[in-house]
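[1] Return a 3D structure for these sequence lines:
(2 chains)
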Amino acid sequence: MYDLGILLQIVFWGIYAGCIYILLATGLNLIFGVMKIVNFAHGEFLMIGAYVTATVFFLTGFNPYVIILLSMLALIGIGAVVERLCFRPILGTSKLNEIFLSIGLIYIFQNGAAMIWGDEWQSIKSPYEGITVPLGSLTVPLDYIIIMGVTAIILCGLYLFLKRTKTGREMRATSQNRKGAMLVGINVERLDILSFGIGCGLAAAAGTLWVVSGQVFNPYMGSIPAVKAFAIIILGGLGSIPGAIIGGLLYGIAENGAAYFLGGVWKDAISFIILIIVLVIRPTGLFGESGE
Amino acid sequence: MNFKRDEMIRYGTIAAIVLAVVAPFLSGNLYLLNILSLMLIFIIFASAWNLLAYSGQGSLGHAAFFGIGAYASTLIAVKSGISPYITIFLGAAVAAGIGILIGLTCVRLKEWFFAMVTFGFAIIVQTFTVSVLTPVTGGWDGIASPRLLSPGIPGYQLIEYYTILMITIASVVMIWYILKSRIGLAFSAIRENELEARAAGVDPVRYRLLAFGLSAYLAGVAGALEIHHIGYITPEIFAVDLSFWPVTYVIFGGLCTIAGPVIGTIVLTIIWEGLKMAGLTFSRYIIVGILLILVIIFLPKGLVDLPDKVHTWWKHHKKPKPDQVPLQE
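    Numbering: from 1, shown residues only, chains lettered A, B, ... in the order given. Sure, this is the predicted structure:
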């Protein structure tokens, strides 16, 4: 009934959208693993990353794919400050406090960005705009392929960092057992800052990729992707990075399918409908244990 | 001390009510009256959110019930011609019914999951409003809503204000009554330790659903009041902003207290309007955000805890040094 080409196109777009969700969800997962907190304001870091990229691009005209490193570094710094000033003091108090604190952060970041950059929709043009590559039966923009490549490189880098370095090993130890890690002499507070920073850096990468693909952005764009990323880690299991990757891809595809078959307004709602159905069947998520 | 405290609360309450009653006469400014009316409506909304939080459920999508109450009341009033005075409560009943339905899916969820589902629910409702339900709701353009009173009646704003004030007082008293009863006890037992509550014979699911229904009902009342006060409704009513405001108000005033939402709403409205007069736009939100974070970190029980905090600090500072303590026989 439906053309195979269109289905392939939907899947391809879905994978591209999924890349941004994967980066966000992986960052959230890293932070959750080490600190056992959930930052609802994670999308604001995506938004700031997007603006940093756009600003540097407007000022210098560098290739935006190079600026990704700069925006990640900037956001690692901002993330470390936010962790130290806001989340450290409330670690170990009621879980609701994290949610409430995130609301404060959302107010601050969204309106701070609106003050600095204005609140209109903006967009930038990628240097490779308009170049398409034939891929099997479809022709796809070169940008989308580069974005998938960049995402893969970042994820591989993160994997190597977690598996091969001493800090990465400490991080994994802390997320398995925080008290045990403390007992063997790991400075968990340093890892808190580090993991929060890296999580924000991944969000900044997602923001940069969002911008270079030509999508519009404004100071309020971050909330919805962040909440979707959060939905993804609920589905994929809290703290499980492979779960975040698979969940992110499935979400991107489902969302694009819904937008095509049901109409654009359903794009956001469909992910929450999936989420609610899953949670009705399994209140702790698809692969989650106790949710603790 | 305890006696004095009770007295203070009693006089404070009476003073607040008297002030609210005479407020319109202190200044004939209609703009001020409008702000006061909206503030009262948000007191109901924040109290409704707080009632749900009292049973340990922090919702991030209360705008859904606010909006459902508003839409239902408007549509009933438009289609049947019944006075908005009655449809407010019918619309709120619709909100409560839907609240219980969505409650069925999320009463067993942990904090984060719960926050997520409620947040998503507001977005789903908004999507339905602008897609499937467009023929009734007018889509993104919204529809006109009948005013509480026709603007032709002399002094209609004053009557509207007193109506809202009475509903606000009734709502707060109702919440006070519920929280003082066995139901309130069950709510806080579930909030503090679900396992122990269950061991003591409290059925968490039933009580959480009850909290959900009551909270959605009051949120619906607040939403319907606001819309009949403004006279127009659009799907913007389901926006994230409206879900976050009651949370901000309650955290500011004091989570899980009866006075918290009231005090938080009043204080924040004053700050908000003051900053507006000072000509600030975006930075208003930044200031509120910073204040919110400061309150969470340094005053975890909110502003209602401030007198106690100051009192302890005062006693601590006035306490004489040990070598100066006079000997006591």
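[2] Secondary structure element holding the closest residue to A:Val11 other than its chain neighbours?
    Distances taken as CB to CB, 6 or more residues apart in numbering or on different chains put A:Ile253 closest to A:Val11, at 5.6 Å, once the chain neighbours are dropped. Every C-beta, even on glycine, is put in place using the N, C-alpha and C of the backbone. Taking DSSP states H and E as the criterion, the element that holds A:Ile253 is helix A:241-262.
[3] and whichever helix or strand comes after that helix, what other elements does it pack with?
    Following helix A:241-262 in sequence order, the next helix or strand is helix A:266-281 (DSSP H and E). Contact here means 3 or more CB pairs under 8 Å, 6 or more residues apart in numbering or on different chains; DSSP states H and E; on that basis helix A:266-281 packs against helix A:223-236, helix A:241-262, helix B:84-106, helix B:111-130.
[4] now for the second one, which elements pack on it?
    So that's helix A:241-262. So helix A:241-262, by 3+ CB pairs under 8 Å, 6+ apart, packs with helix A:4-35, helix A:223-236, helix A:266-281.
[5] A:Phe87: which of the ones you listed is closest?
    Closest approach to A:Phe87 among those is made by helix A:4-35 (7.1 Å; CB to CB).
[6] got the buried residues for that closest one?
    The neighbour-count check on helix A:4-35 (16 or more other CB atoms under 10 Å in any protein chain shown) flags A:9-35 as buried.
[7] likewise stretch B:36-50?
    So for stretch B:36-50, counting by 16+ other CB under 10 Å, buried means B:36-50.
[8] for the chain, which spans come out with low pLDDT?
    Just so you know, I chose chain A. Where chain A drops to pLDDT under 70, the residues are A:1-2, A:285-292.
[9] right idea, wrong chain: chain B
    B:1-4, B:319-329.
[10] mind putting the helices and strands packed on helix A:241-262 in a markdown table, distance to B:Gly120 included?
    Converted to a markdown table, the helices and strands packed on helix A:241-262 look like this (distance: least, CB to CB, whole Å):
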| stretch | distance to B:Gly120 |
| --- | --- |
| helix A:4-35 | 15 |
| helix A:223-236 | 7 |
| helix A:266-281 | 3 |
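[11] how about a markdown table for the helices and strands packed on helix A:266-281, with mean neighbour count and distance to A:Asp268 added?
    Shown next, in a markdown table, are the helices and strands packed on helix A:266-281 (neighbours: other CB atoms under 10 Å in any protein chain shown; distance: least, CB to CB, whole Å):
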| stretch | mean neighbour count | distance to A:Asp268 |
| --- | --- | --- |
| helix A:223-236 | 26 | 6 |
| helix A:241-262 | 20 | 8 |
| helix B:84-106 | 21 | 17 |
| helix B:111-130 | 24 | 5 |
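[12] Helix or strand: which one has the residue in the stretch 201-329 of chain B that chain A sits nearest to?
    Here the stretch 201-329 of chain B gets closest to chain A at one residue, B:Gly289, 3.2 Å apart by CB to the nearest CB. Following DSSP H and E, one finds B:Gly289 within helix B:282-298.
[13] what does that helix rub up against?
    A:86, A:89-90, A:97, A:100-101, A:103-108, A:110-112, A:114-115, A:119, B:248, B:251-252, B:268, B:271-272, B:275-276, B:280, B:302-303 (CB atoms under 8 Å, 6 or more residues apart in numbering or on different chains).
[14] for the host helix or strand of B:Ala224, which positions count as buried?
    For B:Ala224, the element it lies in under DSSP H and E is helix B:204-230. For helix B:204-230, the neighbour count (16+ other CB under 10 Å) marks B:204, B:207-230 as buried.
[15] Contacts (any at all) between chain A and it?
    No: Helix B:204-230 stays clear of chain A (CB under 8 Å from any CB of the partner chain), getting no nearer than 11.5 Å.
[16] Identify the residue spatially nearest to the residue most central in space within chain B, adjacent ones excluded.
    In chain B, the centroid-proximal residue (CA atoms, centre = their mean) is B:Ala46; its distance is 1.1 Å. Of all residues beyond its chain neighbours, the one nearest B:Ala46 is B:Pro261 (3.6 Å), with distances taken as CB to CB, 6+ apart.
[17] how about the host helix or strand of the one you found: buried residues?
    B:Pro261 belongs to helix B:259-277 when elements are defined using DSSP H and E. Across helix B:259-277, burial judged by 16+ other CB under 10 Å covers B:259-266, B:268-269, B:272, B:275.
[18] what does it rub up against?
    Contacts for helix B:259-277 (CB under 8 Å, 6+ apart): B:9, B:16, B:35, B:39, B:42-43, B:46-47, B:49-50, B:172, B:246, B:248-254, B:283-284, B:287-288, B:291, B:302-304.
[19] Over to stretch B:132-140?
    Stretch B:132-140 is contacted from outside by B:71, B:75, B:129-130, B:143, B:234-235, using CB under 8 Å, 6+ apart.
[20] re the thing from before, pretty sure the residue nearest to A:Val11 contacts A:Leu8?
    No: applying CB atoms under 8 Å as the test, A:Ile253 and A:Leu8 come out as separate, 11.1 Å apart.
[21] ok, residue 115 - contacts?
    This is for chain A. Contacts here follow CB under 8 Å, 6+ apart; on that basis A:Met115 touches B:282-283, B:286.
[22] To clarify, I was referring to chain B.
    A:40, A:99, B:58-60.
[23] now stretch B:65-77, how far from the chain's geometric center?
    17 Å (CA atoms, centre = their mean, to the nearest Å).
[24] Disregarding flanking residues, what is the spatial nearest neighbour of residue 103?
    You didn't say which chain, so I picked chain A. Closest to A:Ile103 by CB to CB, 6+ apart is B:Phe244, at 5.2 Å.
[25] Switch to chain B, please.
    In space, B:Gly103 comes closest to B:Phe212 once its chain neighbours are excluded; the distance is 3.4 Å by CB to CB, 6+ apart.
[26] hang on, isn't that neighbour packed against B:Leu52?
    Yes: B:Phe212 lies in contact with B:Leu52 (CB under 8 Å); the separation is 6.5 Å.
[27] For A:Thr132, give me the backbone phi and psi.
    phi -120, psi 160 (degrees, to the nearest 10).
[28] how many other residues sit next to it?
    For A:Thr132, the neighbour count with other CB atoms under 10 Å in any protein chain shown is 14.
[29] Pretty sure A:Thr139 is one of the things it touches, is it not?
    Yes: taking CB under 8 Å as the definition, A:Thr132 is a contact partner of A:Thr139 at 4.5 Å.
[30] For chain B, what's its nearest residue on the stretch 1-150 of chain A.
    Closest point on the stretch 1-150 of chain A to chain B, by CB to the nearest CB, is A:Tyr107, at 3.2 Å.
[31] One more: the stretch 151-292 of chain A?
    A:Phe272 (2.9 Å).
[32] Let me see the contact set for that residue.
    Taking CB under 8 Å, 6+ apart as the test, what A:Phe272 contacts is A:231, B:117, B:119-121, B:123-124.
[33] Throw those residues into TSV and include distance to B:Pro24, thanks.
    Shown next, in TSV, are the contacts of A:Phe272 (distance: CB to CB, whole Å):
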residue	distance to B:Pro24
A:Ala231	47
B:Val117	41
B:Phe119	37
B:Gly120	41
B:Phe121	37
B:Ile123	38
B:Ile124	40
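[34] Going by distance to A:Ser213, which of those wins?
    Among these, and counting by CB to CB, the member closest to A:Ser213 is A:Ala231, at 21.6 Å.
[35] Can you tell me the closest non-neighbouring residue to whichever residue of the stretch 1-150 of chain B sits closest to chain A?
    Closest residue of the stretch 1-150 of chain B to chain A, CB to the nearest CB: B:Gly120 (2.9 Å). Among residues not flanking B:Gly120 along the chain, A:Phe272 sits closest, at 2.9 Å (CB to CB, 6+ apart).
[36] Give me the distance between that neighbour and B:Cys256.
    Taking CB to CB, to the nearest Å as the measure, A:Phe272 and B:Cys256 are separated by 28 Å.
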